[in-house]
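Undergrad: no FASTA, just this:
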């Protein structure tokens, strides 16, 4: 078959394969980005679904075609919620999509011609790299430090005049790192003297253990596309993400969504909207954050108890991931394979990188329950022993 | 902003705007592709949703991330249903997506490099043209006759060695035309001596008034991607479509779905699957077909009673559309505007065409109820009077 040139750039992400492997009997997984399903408010969703469907007349509209942008009350709620990130936006700039992964495909489609420069944090979310890759950009990696991107590297990257800069300032996937207040401000300033559009991925912003940790870069610079999702806080299976775009982009965004998928799932949107009407979101998030914090601390304690001191890891203040570093030069793939033999799945950090990262590992502490986490860290320790 | 080159090829489809216009008070619409929402089995969907969500434990999996291909039992049902179209296929070749519109984006992505040749029926479904257009193909239109494509033109188009041939053999959108048995066979044969992959869009195949009208081309040639959807028969708001792909395509399809959207809505898929388990689909479709046939006949009668004899239209044997032709050289846009002044929305046929079609109009008889249809045809007649 005569496939397009761009298919040669498709990255095999590893992630969906790991999800399959993780489902094998007896396997414990720290590998994927799955939230803790025990924390889903199933009863709340059931109640919302029943409420949306109980009026047979209005249910017919829920089952019918919808509008490209998504349903108005949900867009209004998303716009309103932006105030917590430090800015106001009209619901006219909010577009609902089938999960925020779709944003990256749409943004790639709207901006990237093959060979265009694009800056990305290094490491950053593999799924986004995979999505953008299909449009053939030349990636410049901006090394991540403990408090955000290296600003000299970011400045140099922006001097290459990239069309886009993709970043996750809050509780980054994979590293759990967040930008400091200073680096948010500096990033916004650097963008101001550039034609580069920032793609600010905020999938984890609501999962700061003590609440939101700072304003979004969007609050300080309008030349930013902010992407968000209900997947990490309410339900990934309902596939509802969104993008908040600058005025100049609304027309082309509308046309590209229409071309790609007509519109997001009306059925899910209405149920999500009703769920939000029936839920005190701040109280709900407070419980969620508390539990993720507890699980994070548990894993940190376990790592401290079981892993040798030559290994390093960070202490995240939100999100779902701990970032583990083997000593310089060690190959994390060997640990991945050794762990797999002991029925533990971990995620090597290399695929998240533009450069290097061969000695890094992403650990998800959200998916497993406490007993699995304890047993998993024991297996990790056993897998590590004597390997390097 | 520095948008990609491909955004210059984005077609403004007109369709979503017409959906908005159609919602204005007092407006009657024959314009869109919306099915009759009165025929949705709302109670059946409610029952299926309740059944899927009642077990809180399994509901958690319904709300969690799913797999790229879609849920197995639904893929099995879709594969099984293909026997009615004359062929057997493994569920491994079935991919579930967020509505069949997503198929066209994925297929464009997988096959089309800018400037590649692509054959399409002329006229054909505007949404597909719009979706493929973003990948920059050069379209060759294959003129549609009353029994399918003009075979000489198809043969000539295939000699140009196009990567794809997009077609809707059953109750085509916009024209309502279906391929004859001979033309299905000839198309399959022509494809056999070509490297062209056919995209066989079967969105309306289940809406043949007397059942399926013939085998799909896929039944006679393996080099075909078959696309389908529950949107026209069960619910478009749930956004569940699928594509059945040749073996050679399964790997790249998997990667492209993962890149574009991770996977289709798990929540909708489970509810649709349960609905199908709880419904006698053949009995359900029998009632649906009966009602669409009745509405089609009603509109044909009304057109006969109210429109002057210089206008021509066809008698569809399935689907949702009647294809109206003004006399050669007349501009359907003038009728569109005149009708809009009388609060009737109709869809000009020109945008569905690669060449010509300026005198054609698509009439949807599914969306309106009987009274609206009667009043709508009166308005159409009044709008036409004295115009040409």
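TA: That came through fine. Worth saying up front: this structure is predicted, and the values here are computed from it rather than measured.

Undergrad: show me where chain A has its helices.
TA: When assigned using DSSP state H, the helices of chain A occupy the ranges A:15-22, A:42-54, A:56-63, A:72-81, A:101-111, A:126-133, A:151-159, A:181-192, A:250-261, A:266-278, A:281-306, A:332-341, A:370-384.

Undergrad: list the buried residues in the second one.
TA: Pointing back at helix A:42-54 there. A:42, A:44, A:45, A:46, A:47, A:48, A:49, A:52, A:53 (16 or more other CB atoms under 10 Å in any protein chain shown). Using the backbone N, CA and C atoms, a C-beta is placed for each residue, glycine as well.

Undergrad: kindly report the same for the last one.
TA: Within helix A:370-384, the residues that qualify as buried by neighbour count (16+ other CB under 10 Å) are A:373, A:374, A:376, A:377, A:378, A:379, A:380, A:381, A:383, A:384.

Undergrad: what number of residues lie near residue A:357?
TA: Residue A:357 sits with 20 neighbouring residues when counted by other CB atoms under 10 Å in any protein chain shown.

Undergrad: now do residue A:333
TA: Counted with other CB under 10 Å, residue A:333 comes out at 12.

Undergrad: ok, it touching residue A:348?
TA: Yes - Residue A:333 sits in contact with residue A:348 when judged by CB atoms under 8 Å, with a separation of 5.5 Å.

Undergrad: low-confidence ranges, chain A, go.
TA: Scanning chain A for pLDDT under 70 picks out the ranges A:13.

Undergrad: centroid-nearest residue for it?
TA: residue A:203 (4.4 Å; CA atoms, centre = their mean).

Undergrad: so the residue nearest to it when sequence neighbours are not counted versus residue A:110, what's the distance?
TA: Distances taken as CB to CB, 6 or more residues apart in numbering or on different chains put residue A:229 closest to residue A:203, at 5.0 Å, once the chain neighbours are dropped. Residue A:229 is 19 Å from residue A:110, where distance means CB to CB, to the nearest Å.

Undergrad: same deal with residue A:171?
TA: Residue A:171 sits 27 Å away from residue A:110, taking CB to CB as the criterion.

Undergrad: one step back: can you put the buried residues of helix A:370-384 in TSV and add distance to residue A:269?
TA: Below are these laid out as TSV (distance: CB to CB, whole Å):
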residue	distance to residue A:269
A:373	34
A:374	39
A:376	36
A:377	39
A:378	43
A:379	41
A:380	40
A:381	45
A:383	43
A:384	45
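
Undergrad: of those residues, closest to chain B?
TA: Using CB to the nearest CB, residue A:373 is the member of the buried residues of helix A:370-384 that lies nearest chain B, at 18.0 Å.

Undergrad: thinking again about what came up before, shouldn't the residue nearest to the centre of chain A be in contact with residue A:228?
TA: Yes - at 6.9 Å, residue A:203 and residue A:228 qualify as touching, with contact defined as CB under 8 Å.

Undergrad: next, show the common contact partners of these two.
TA: Both residue A:203 and residue A:228 are contacted by residue A:100, under the criterion CB atoms under 8 Å, 6 or more residues apart in numbering or on different chains.

Undergrad: how distant is stretch A:245-259 from the center of its chain?
TA: Here stretch A:245-259 is found 22 Å from its chain centre; the criterion is CA atoms, centre = their mean, to the nearest Å.

Undergrad: what does it rub up against?
TA: The contact list for stretch A:245-259, computed with CB under 8 Å, 6+ apart, reads A:68-69, A:92-93, A:95, A:97, A:106, A:109-110, A:197, A:222-225, A:243, A:263, B:1, B:3, B:7, B:10-13, B:15-16, B:101, B:105, B:127, B:130-131, B:133-134.

Undergrad: which of those residues count as buried?
TA: A:68-69, A:93, A:95, A:97, A:106, A:109-110, A:197, A:223-225, A:243, A:263, B:3, B:7, B:10-11, B:13, B:15-16, B:101, B:105, B:127, B:130-131, B:133-134.

Undergrad: buried sites along stretch A:183-199?
TA: A:183-188, A:190-191, A:194, A:196-199.

Undergrad: now the residues you listed in TSV, with distance to chain B?
TA: What follows is the buried residues of stretch A:183-199, written out as TSV (distance: CB to the nearest CB, whole Å):
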residue	distance to chain B
A:183	25
A:184	22
A:185	23
A:186	23
A:187	19
A:188	17
A:190	17
A:191	13
A:194	11
A:196	9
A:197	7
A:198	12
A:199	13
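
Undergrad: residue A:243 against residue A:229, yeah?
TA: No - using CB under 8 Å, residue A:243 is not in contact with residue A:229; the gap is 10.1 Å.

Undergrad: joint contacts of these two?
TA: What both residue A:243 and residue A:229 touch, as defined by CB under 8 Å, 6+ apart, is the set residue A:100.

Undergrad: close to chain B: what parts of the stretch 51-200 of chain A are there?
TA: Within the stretch 51-200 of chain A, the positions adjacent to chain B are A:53-54, A:56, A:59-68, A:98-99, A:101-102, A:105, A:109-113, A:116, A:127, A:130-131, A:133-135, A:163, A:195, A:197 by CB under 8 Å from any CB of the partner chain.

Undergrad: most distant residue from the centre of chain A?
TA: residue A:57 (37.0 Å).

Undergrad: from residue B:37, how far off is that one?
TA: 9 Å.

Undergrad: likewise for residue A:102?
TA: Relative to residue B:37, residue A:102 is positioned 26 Å away (CB to CB).

Undergrad: quick one: which of these two has more around it?
TA: residue A:102 (27 against 20).

Undergrad: if I pick the closest residue to the more buried one other than its chain neighbours, what's in contact with it?
TA: Leaving aside its chain neighbours, residue A:102 sits nearest to residue B:261 (4.9 Å; criterion: CB to CB, 6+ apart). The contact partners of residue B:261, by CB under 8 Å, 6+ apart, come to A:98, A:99, A:101, A:102, A:105, A:239, A:261, B:97, B:98, B:102.

Undergrad: quick one, what contacts the third one?
TA: Meaning residue A:101. By CB under 8 Å, 6+ apart, residue A:101 lies in contact with A:127, A:128, A:131, A:241, B:259, B:260, B:261, B:262.

Undergrad: one more: the fourth one?
TA: Neighbouring residues of residue A:102 by CB under 8 Å, 6+ apart: A:241, A:260, A:261, B:260, B:261.
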